[in-house]
Structure formats: C-alpha cells, structure tokens
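**Q** Take this sequence and fold it.
(one chain, ligands or ions: 2)
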Amino acid sequence: MILVTGGAGFIGSNFVLNWLVQSDESIVNLDKLTYAGNLKNLASIQGDSRHQFVQGDIGDAHLIARILKQHQPRAIINFAAESHVDRSIHGPEDFIQTNILGTFRLLEVVRGYWGELDAAEKRDFRFLHVSTDEVYGSLAREEAAFTEQHRYQPNSPYSASKASSDHLVRAYHHTYGLPVLTTNCSNNYGPFQFPEKLIPLMIVNALEGKPLPVYGDGQQIRDWLYVIDHCNAICRVLEAGTVGEVYNIGGWNEKPNIEIIHKICGLLQETYPDSSFQHLITYVTDRPGHDRRYAIDASKIERELNWKPADTFDSGIRKTIQWYLQHRSWITDVQTGAYREWMEKNYAGERS
Ligand code: NAD
Ligand code: TYD
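**A** Residues are numbered from 1 along each chain as shown. Ligands and ions are numbered 1, 2, ... in the order given. Sure, this is the predicted structure:
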C-alpha cells in the first residue's frame with residue numbers, strides 16, 4: 001500500500017480518486033484537515049475498503065511512526081502543505097511550521113522506518129515529494145523556461161518554505177540514502193480547487209455576480225496544467241523515476257492572467273447567453289513581490305518517462321467550469337465564515 005499526505009486537499013484528493021480508478025493498491029490518507037482540506041472531496045469513495053483516512057499532522061512524529069508500523073507502505077507521496085501565496089504574505093508562520101518543520105519531522109520518521117526494512121524493501125521504497133515551480137523564482141518574458149538545473153530563487157514565504165522542504169528532501173537522499181523523488185509542477189486547475197486560487201475564484205465570483213479581482217496589470221504569466229495530468233505524471237515518476245532525481249512537470253501552456261479571466265467569462269457566457277461577465281473584471285492593487293512569469297520546461301519527464309499532458313487548456317478549463325457548475329453545494333459548503341473572513345482580509349482595505 002501507499003501513504004498519501006494532504007490527500008483531502010485539491011491535488012491530493014484528485015490523486016487519491018484517480019489512483020483508485022487505475023489501481024487496486026490501497027491508500028492510507030493522512031491529512032490535518034486545515035481550511036484547505038475537505039472530506040467532501042472524497043465522498044465518492046466513502047466505504048471503499050482500499051482507502052483509509054487518518055486525520056493528523058505530518059509534523060506529529062508519534063502518529064507517523066504508528067501509521068508506518070501498522071501499514072508498512074512501500075511509498076509515501078507528500079502533498080501536505082500550506083499552499084496559497086497570498087496567505088503566506090499575510091501570515092508566514094503556518095508555512096514554516098508545515099512546509100519546513102512538518103516535512104523535516106516526516107522525513108526523520110520515514111528515515112527510521114526505511115532503515116529497518118529488509119534489503120529488497122529498502123531498495124524499492126520511495127518518498128515522493130510534491131513541489132512547485134515557484135521555487136525557481138520569476139522569469140523575464142524572453143528567458144527560457146525552468147529546467148531542473150535552474151537556480152532556486154524563491155520570492156514569497158510560500159515558495160521559500162517549499163524550496164526549503166525540497167532541500168531537506170534532497171539532503172536526506174545524499175546524506176542517508178533515502179530513495180527520494182521530487183516533482184516541481186506548474187499551476188494546477190480542475191475540480192475540488194479551493195476558491196481562493198485564481199481559476200476557481202473567478203468562476204465562483206462570476207457566478208455570484210461579484211467583482212473579478214485582477215492583481216496589478218493582469219499580465220503575469222503562469223503555465224497551467226489540468227490536475228489529472230499532474231496526478232498521472234506523479235504516478236509515472238513513482239513508477240519509473242530515477243531515485244534522487246527531480247522532474248519538472250508542466251503544461252506547455254503559458255498564459256497571462258487576464259487571458260485566463262477573459263476565457264472563463266467567455267465560456268460562462270456560452271452557458272448563460274443572457275448574462276454578461278466581462279464587466280465584472282476589476283483591477284486591484286498588486287500582490288507584494290508578485291512573480292511576473294513562471295514557465296516549465298517539461299522535456300526531461302517527456303524524454304525519460306514518456307509523460308506529456310493529455311488535456312489542452314481548452315479541454316481542461318471546459319471540464320473545470322462544468323464541474324463547478326454541477327457542484328454548487330460543494331461551493332456553498334466551503335464558503336464558511338472563515339472563507340468570508342479571508343476574502344474580506346485579502347480584497348478589502350488597501351486592495352479595493
Ligand atoms: P491544498 O492547500 O489544496 O491542500 C493541502 C492539503 O494539505 C490540505 O488538505 C490540508 O488539510 C493538508 N495539510 C496542510 N497542512 C498539513 C499538515 N501539517 N499535516 C497534514 N496535512 C496538512 O494544496 P494543493 O493545491 O492540493 O497542493 C498540494 C501540494 O502540491 C502542495 O505541496 C503544493 O505546494 C504542491 N503544488 C501545488 C500546485 C497548485 O497549483 N495547486 C502546483 C504545484 C505544486
Ligand atoms: P494563484 O492561483 O494564487 O497561484 P500562484 O500565485 O501560486 O501562481 O494566482 C495565480 C495568478 O493569478 C497570480 O499571478 C496571482 C493572480 N491572481 C489575481 O490576479 N487575482 C486573484 O484574486 C488571485 C487569487 C490571483
């Protein structure tokens with residue numbers, strides 16, 4: 001069986017659901033259930049004996065040791081993290097706690113567990129760390145996309161904390177021989193993404209007739225990948241990646257934010273021809289330290305592991321919008337008091 005951390009969040013829950021479609025191998029899913037974790041994401045596998053959920057923290061060494069002893073996983077996939085740049089600007093502490101200290105504590109316990117496996121199990125064990133392209137910093141418009149050799153130059157508390165965790169994972173391989181793999185992926189979108197991130201926020205606000213807040217000039221570029229493509233890439237790296245290696249994952253799909261927002265408005269208009277959405281677009285104060293451009297060169301994973309994205313942006317964004325249209329109660333359920341407080345904090349005051 002495998003252990004997944006953060007499997008009630010956006011990418012983790014998509015990974016768990018996608019895994020169980022393709023495999024009969026069981027999953028233990030450890031998640032703290034922060035504001036971003038949602039058991040409703042896993043409702044369709046309720047009662048499936050191949051999935052066991054445990055609420056807890058990756059930094060809880062006793063709990064992790066108990067899970068490893070009980071379930072003896074052959075692999076661990078670490079999705080658990082604080083993941084939102086704007087929240088890391090308002091309050092970096094949780095990012096340091098989970099992304100740095102939490103990953104460190106997890107690695108320490110895993111090192112002990114791995115050290116006691118027999119030779120064959122030791123050789124076959126994998127610790128796959130899920131990371132982000134944001135560790136590489138920001139690109140100028142004419143610069144080549146990030147390869148695995150690009151220098152680390154994180155600019156936000158979020159990316160600095162992820163960079164730190166990547167370094168720890170690397171060090172546990174070089175120093176202790178732990179069989180690790182690291183993936184650095186570009187921006188994901190798709191079902192179950194919490195509506196604080198760009199794409200779901202724009203869909204949800206547009207449906208509610210609320211402003212669509214564009215930071216700065218809206219010309220910042222991200223490289224968008226449909227979440228199931230990311231999940232399949234992780235499966236491929238787990239299956240065939242070379243221990244100690246890093247794999248960049250991306251969609252070959254760079255787009256300025258304003259283009260994404262216009263696309264969403266246009267697609268919503270197809271569903272609701274009598275409504276208009278473009279007039280909701282509102283330019284607001286920029287994010288401090290806002291990275292201008294991310295772009296992934298995903299040629300290594302294509303060349304070595306024969307992975308490339310299956311969805312185009314057009315097919316992925318259409319599926320995503322359909323999903324949000326068909327899951328209105330999921331949206332309402334996540335719009336708790338805490339969500340409203342966050343929206344107030346991030347978008348009112350100096351930004352409005
Ligand atoms: P998310 O915020 O939606 O989910 C994170 C999950 O981790 C939540 O379920 C949360 O409850 C859980 N969690 C947080 N702290 C925890 C802790 N201390 N112990 C156990 N569980 C904890 O994030 P996501 O967008 O699904 O991202 C998952 C991973 O992928 C993260 O490591 C992130 O850095 C990385 N990543 C995300 C993107 C993206 O576009 N979303 C792109 C590249 C990489
Ligand atoms: P986000 O989804 O937060 O991902 P990241 O910052 O990790 O790339 O934001 C994606 C882009 O969209 C980023 O350039 C910031 C911008 N953005 C807005 O313009 N308005 C918003 O309300 C949000 C949440 C993001």
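
**Q** Where does the prediction get shaky in this protein?
**A** Applying pLDDT under 70 to the predicted model, the residue ranges of the chain that meet it are 350, 352.

**Q** Could you find the closest non-adjacent residue to whatever residue of it ends up closest to ligand 1?
**A** Across the chain, the shortest distance to ligand 1 (Cβ to the nearest ligand atom) belongs to Gly9, at 2.0 Å. From N, CA and C alone the C-beta is placed, and that goes for glycine too. The shortest distance from Gly9 to any residue other than its chain neighbours is 5.1 Å, reached at Ala36 (Cβ to Cβ, 6 or more residues apart in numbering).

**Q** does that neighbour sit in a helix or strand, and which one?
**A** Remark: Ala36 resides in no helix or strand, with elements defined by DSSP states H and E.

**Q** thought it was touching Gly7?
**A** No: because the distance of 11.8 Å does not satisfy Cβ atoms under 8 Å, Ala36 is recorded as not touching Gly7.

**Q** which of these two has more neighbours?
**A** Between Ala36 and Gly7, counted using other Cβ atoms under 10 Å, the more crowded position is Gly7 (28 against 23).

**Q** For the longest helix seen in the chain, report the contacting residues that lie outside it.
**A** When secondary structure is assigned using DSSP state H, the longest helix within the chain turns out to be helix 157-176. By Cβ atoms under 8 Å, 6 or more residues apart in numbering, the surrounding residues in contact with helix 157-176 are 81-85, 87-89, 92, 95-96, 99-100, 103-104, 107, 111, 127, 129, 131-132, 134-135, 137, 152, 154, 178-180, 182, 184, 243-244, 291.

**Q** And the next helix or strand past it?
**A** In the C-terminal direction, the helix or strand that comes right after helix 157-176 (DSSP H and E) is strand 180-185.

**Q** does ligand 1 sit close to that following strand?
**A** Yes: counting by Cβ under 6 Å from any ligand atom, contacts between strand 180-185 and ligand 1 involve Cys185.

**Q** re earlier: from Trp323, how far off is the residue of the chain closest to ligand 1?
**A** Remark: distance between Gly9 and Trp323 (Cβ to Cβ, to the nearest Å) = 16 Å.

**Q** Which of the two has more residues huddled nearby?
**A** Looking at Gly9 and Trp323 with other Cβ under 10 Å, you find the greater number of neighbours at Gly9, namely 25 against 16.

**Q** Correct me if wrong: that one contacts Lys32.
**A** No: applying Cβ under 8 Å as the test, Gly9 and Lys32 come out as separate, 9.7 Å apart.

**Q** Need the residues touching each of these two.
**A** With Cβ under 8 Å, 6+ apart, Gly9 and Lys32 have common neighbours Ala80.

**Q** what's around Glu196, how many residues?
**A** Counted by other Cβ under 10 Å, the residues lying close to Glu196 total 19.

**Q** That one: what's it in contact with?
**A** 84, 86-87, 339, 342, 346.

**Q** Checking it next. Helix, strand or coil?
**A** In three-state terms, and counting by DSSP: H, G, I helix; E, B strand; the rest coil, Glu196 is coil.
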